[in-house]
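Novice: model this:
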Amino acid sequence: MMSKDSISIRQKNAILLEKAGKILVNPGPQTKTDSLPTVLAMQKNIEDLGFLFSKDLYDTLTTLPRKRLITLYGEIVPVLKKMVGDHVEHKPFYKNFPHQVAAMDEIELQLNALLHYWTFGTWIPEYKKKLRFPLEGEEPRFRWIGLARLEDFDQIFIDLISSSSSISAADEELLDWYLEHENSAKLNRILPETIPFKEIQSIVLAGIFDHHGEDAELIHKFIKTPTDVLRLVTALSDGDVSLAENTVFINLERRERRLILSLLEDFPTLQEELRRHKDRWLRVGEILHPGDYAARFPRVFEAFRAIRKNLPIETFYSRLEACLERNDFENALALLRQRPGELARRLDLLARRFPDQNGALLAAFGELAGQVSARLLLQLIAHFKNRHIQQPTRIFFPKGKVSKAQVVPWKLDPISADFSAELVTICERDLIRRYQTLPPLGKVYLDPALKEIMVPLSQRSASKSLKTYERGSRFALAQEIKVFRAFIHWKNPTFQFRNAFGYNSYSERVDIDLSVGLYDRDWNYLRHISYTNLREKELGAYHSGDIVDAPNGASEFIDLDIRKMLAHGVRYAVFYVLSFSRQNFNHTPECFFGWMYRQHPRSGEIFEPKLVENKIDLASETQNCLPVMFDLESRQAIWLDAAVSANLEWNNNIESIGSNAVLIAQGILNMSQPNLYDLFRLHALARGELVETAAEADVRFVLEETLAPEGESPDGTPGAGSAQVQADQAAQPRTLTPFQTEKILAEFV
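Specialist: Residues are numbered from 1 along each chain as shown. The predicted structure follows:
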């Protein structure tokens, strides 16, 4: 294990590249003329991956000696390749896709597939790869690599810790890694006074507990409720800190048990709190052995004895439920006044149950809104803005690390438009009031495109991706785009075993399939492209061929011609990634999906890294994923990142899950969510002045993320600033984009 505080520059740059699009480089003594050829060669090579150096970084690189430049290049290129999916060799079944699939005789297609299946994937036809024309007519959207400051690295983790909502599993692992490799003194210095989101707090405390166990005072500082302790024990057991799924709790050492028990002893309402998660606490009690410490921690011993023997006790929730059962609005409201957050979560229920008391409900909430989290107020705004409009279904994502959506019929009674409008006004008024305490922004420009990008309030089950969005976000496609090209890549897991001759290994066959369902504007099924149907010529839709075994890695591609599909009534294209062999995605060492936009699909290579629009790592405990869909009429890509259940009696393919997938896609399209435009608008009203154009703004909130991080680009054209700009750059307008999720959650929610 590495010693504390031993994070190398190479490790920092790998993280900075992925999370902030920057690298740390200390200026050298060279003159520009000495190193310029090497820097230009580096620039040319990373252009092929879709990246460019910003002017500040470019100028700094020209001061480095050639040997240092070569070392730096060798460090960053593997990271850039992995970011866009170019770190593997993409070898589709048909090497001359897509025209080979379009031109091939149907009998030959069928025979090739049968031979491949009969040999369990060991036979693949050997066609000579034809010479392809160089890439033509394409306009890559380059991503800029900026020059980082030393504090930018720590800021990534400060933003993660300060996030007001859940973070992804990949970010949880990254945060734990940081806590392991930094020393206690630095953690004490950079940790905020409070950690806003309880799940993140539990991850931080577990990291301190595991890697800095001697610093018990730091743990005591953040524990506010017994449920905080439960989340901590859950995190120590590598369980679900949202408490949505059961956890197998690990055994603790005596020192650790004493610390956990000491955290619980100070709570006067411990018995009531333990009953909120009674079954979990009973299992935690089995590893804590509170009876061994009855004299030292008597309150904890009595609380566990009470829940073990199921001794009667009246709790807040039992009193509240009793009031609701007898339709006692006044006493129910009196109880909920004690817990404003609980009142906020039950507003819809109370408004439906007691419509004649809506005035009193609004008055009470207006008094208490200041004690409700900004995150919850934003969710209330989105929920009630269109609550008076009835929908056919509603969709929700239960807590947990797997993004399995549930779609149910809309059975909620209507709520008056006046009540909803007044509630939205209360929430917005309180958010503006609290945002007024933050530093001024000056003149603010808001990109209208942000109305289609959702506030990232639930990243718990989000997949790691090149650009991360909240589900339901829409982003426009350029009008000149002719073809979507989607791709997947995966590799079999390899296992080692020992026999009489020593160690050996074997590859477990994994079959991942890429498919797309095509639907009209009313969501009627039209066609699909998958291993069961490799081509639809009149639609310009082609599959590169089904591969059922990937000991050395395998790739599949699908091309969709936008104009041809529109001409045949196709509006929605929903992509599916399915594990036909029924292993979960996290069972494979690597599995990812992505897409690119192509003008001339027969030019250039089948996989062109500079044209990759997005890449999503699939590593969740599920066998099916809907990563993205396209609305061809509005020319928008719509972020889904959702799992869908399959029929276990059928093969795991598009035919078996298509109807469920359509419900989920429709549900995500109709979800009520807060968008970034409304969030930033509230900040502008509270902290500055809205202006019509970006040119006159001091701060710009924009969707475009292919801007130079600071100053100018290497060719001298003006850049536009980054999501993190030095405070003393007053002359440079500050530009914030939605792609640094942690920054938004930490600074603006």
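
Novice: before we move on, which element is the nearest residue to Trp123 once chain neighbours are set aside in?
Specialist: What sits nearest to Trp123 in space, not counting adjacent residues and going by CB to CB, 6 or more residues apart in numbering, is Leu115, at 5.2 Å. The C-beta positions use only the backbone N, C-alpha and C, and glycine is treated the same way. Following DSSP states H and E, one finds Leu115 within helix 106-118.

Novice: so for the helix or strand just after that helix, mean pLDDT?
Specialist: Past helix 106-118, further along toward the C-terminus, the next helix or strand under DSSP H and E is strand 143-147. Strand 143-147 carries an average pLDDT of 91.

Novice: how close does Ile453 get to Ala697?
Specialist: According to CB to CB, to the nearest Å, Ile453 stands 18 Å off from Ala697.

Novice: swap in Gln673?
Specialist: According to CB to CB, Gln673 and Ala697 sit 26 Å apart.

Novice: with His683 instead?
Specialist: His683 is 13 Å from Ala697, by CB to CB.

Novice: more crowded one of those two?
Specialist: Comparing His683 with Ala697 by neighbour count (other CB atoms under 10 Å), the higher total belongs to Ala697, at 24 against 21.

Novice: what sits against the nearest residue to that one once chain neighbours are set aside?
Specialist: Closest residue in space to Ala697, ignoring its immediate chain neighbours: Tyr445 at 3.7 Å, by CB to CB, 6+ apart. Counting by CB atoms under 8 Å, 6 or more residues apart in numbering, Tyr445 touches 690-694, 696-697, 699-702.

Novice: just checking, Arg474 touches Ile638?
Specialist: Yes. Using CB atoms under 8 Å, Arg474 is in contact with Ile638, at 5.1 Å.

Novice: got the domain ranges for this protein?
Specialist: Annotated domains of the chain cover 9-89, 99-129+131-135+472-669, 150-308, 316-435, 442-454+674-747 [automatic domain parsing].

Novice: so which of those is nearest Phe142?
Specialist: Evaluated over the domains of the chain, closeness to Phe142 peaks at domain 9-89, with 4.7 Å, by CB to CB.

Novice: measure that closest one end to end?
Specialist: Counting by CA to CA, to the nearest Å, you get 28 Å between the two ends of domain 9-89.

Novice: list the contacts for the spatially most central residue of the chain?
Specialist: Taking CA atoms, centre = their mean, the centroid of the chain lies closest to Ala462, which sits 3.2 Å from it. Applying CB under 8 Å, 6+ apart to Ala462 gives the contacts 168, 403, 456, 468, 641.

Novice: secondary structure class for the nearest residue to the first one once chain neighbours are set aside?
Specialist: Counting by CB to CB, 6+ apart, Ser168 lies nearest to Ala462, which is 4.4 Å off, once chain neighbours are set aside. When the structure is reduced to helix, strand and coil (DSSP: H, G, I helix; E, B strand; the rest coil), Ala462 reads as coil.

Novice: tell me which other helices or strands the helix holding Leu115 touches.
Specialist: The contact analysis (3 or more CB pairs under 8 Å, 6 or more residues apart in numbering; DSSP states H and E) places helix 106-118 against no helix or strand.

Novice: thinking again about what came up before, can you tell me which of the contacts of Tyr445 end up in strands?
Specialist: Counting by DSSP state E, those place 690, 699-701 in strands.

Novice: counting neighbours, which of these comes out on top?
Specialist: That'd be Phe701 among the ones in strands among the contacts of Tyr445, by other CB under 10 Å, with 26 neighbours.

Novice: from Arg474, how far out is the residue lying closest to it once chain neighbours are set aside?
Specialist: Spatial nearest neighbour of Phe701, chain neighbours left out: Phe680 (4.5 Å); criterion: CB to CB, 6+ apart. Here Phe680 is placed at a distance of 17 Å from Arg474 (CB to CB).

Novice: higher neighbour count, these two?
Specialist: Phe680 (24 against 19).

Novice: list the contacts of the more buried one.
Specialist: By CB under 8 Å, 6+ apart, the neighbours of Phe680 are 444, 446, 450, 701, 748.

Novice: pLDDT score assigned to it?
Specialist: 93.

Novice: ok so, going back, burial of the residue nearest to Trp123, as a residue count?
Specialist: For Leu115, the neighbour count with other CB under 10 Å is 13.

Novice: quick check: phi and psi on the nearest residue to Gln338 once chain neighbours are set aside?
Specialist: Spatially, and ignoring its direct neighbours in sequence, Gln338 is nearest to Phe316 (7.4 Å; CB to CB, 6+ apart). When quoted as degrees, to the nearest 10, the phi and psi of Phe316 stand at phi -60, psi -50.

Novice: can you tell me how far Phe316 is from Arg275?
Specialist: Using CB to CB, which is the criterion applied here, Phe316 is 10 Å from Arg275.

Novice: swap in Val84?
Specialist: Applying CB to CB to Val84 and Arg275 gives a distance of 51 Å.

Novice: check the burial of Lys743 by counting its neighbours.
Specialist: The burial count for Lys743: 22, using other CB under 10 Å.

Novice: repeat that for Ala449.
Specialist: If we define neighbours as other CB under 10 Å, then Ala449 has 16 of them.

Novice: which residues touch it?
Specialist: 475-476, 702-703.

Novice: just the pLDDT for it.
Specialist: So Ala449 comes in at 89 (pLDDT).

Novice: do a quick rundown of the helices in the stretch 501-650 of the chain.
Specialist: 562-567 (DSSP state H, counting those that start in this stretch).

Novice: could you pull out the strands for it?
Specialist: Applying DSSP state E, counting those that start in this stretch to the stretch 501-650 of the chain gives strands spanning 502-507, 512-519, 525-529, 535-536, 541-543, 554-561, 572-579, 590-598, 612-617, 624-631, 636-642.

Novice: closest to Asp413 out of the ones you listed?
Specialist: strand 636-642 (27.7 Å).

Novice: returning to that earlier point: so what's the residue nearest to Ala697 bridging to?
Specialist: For Tyr445, the beta-bridge assignment (DSSP bridges) gives partners Arg700.

Novice: pLDDT wise, what is it at?
Specialist: Confidence score, pLDDT, at Tyr445: 92.

Novice: next: Glu138.
Specialist: Looking at Glu138, its pLDDT stands at 82.

Novice: rewinding a little: same list (the strands of the stretch 501-650 of the chain) but as JSON lines, adding mean pLDDT, distance to Pro268 and mean neighbour count.
Specialist: What follows is these, written out as JSON lines (pLDDT from 0 to 100; distance: least, CB to CB, whole Å; neighbours: other CB atoms under 10 Å):
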{"stretch": "strand 502-507", "mean pLDDT": "76", "distance to Pro268": "58", "mean neighbour count": "10"}
{"stretch": "strand 512-519", "mean pLDDT": "96", "distance to Pro268": "54", "mean neighbour count": "24"}
{"stretch": "strand 525-529", "mean pLDDT": "96", "distance to Pro268": "60", "mean neighbour count": "18"}
{"stretch": "strand 535-536", "mean pLDDT": "97", "distance to Pro268": "68", "mean neighbour count": "20"}
{"stretch": "strand 541-543", "mean pLDDT": "98", "distance to Pro268": "64", "mean neighbour count": "28"}
{"stretch": "strand 554-561", "mean pLDDT": "97", "distance to Pro268": "60", "mean neighbour count": "24"}
{"stretch": "strand 572-579", "mean pLDDT": "95", "distance to Pro268": "50", "mean neighbour count": "24"}
{"stretch": "strand 590-598", "mean pLDDT": "94", "distance to Pro268": "50", "mean neighbour count": "24"}
{"stretch": "strand 612-617", "mean pLDDT": "93", "distance to Pro268": "46", "mean neighbour count": "22"}
{"stretch": "strand 624-631", "mean pLDDT": "93", "distance to Pro268": "47", "mean neighbour count": "24"}
{"stretch": "strand 636-642", "mean pLDDT": "91", "distance to Pro268": "43", "mean neighbour count": "22"}
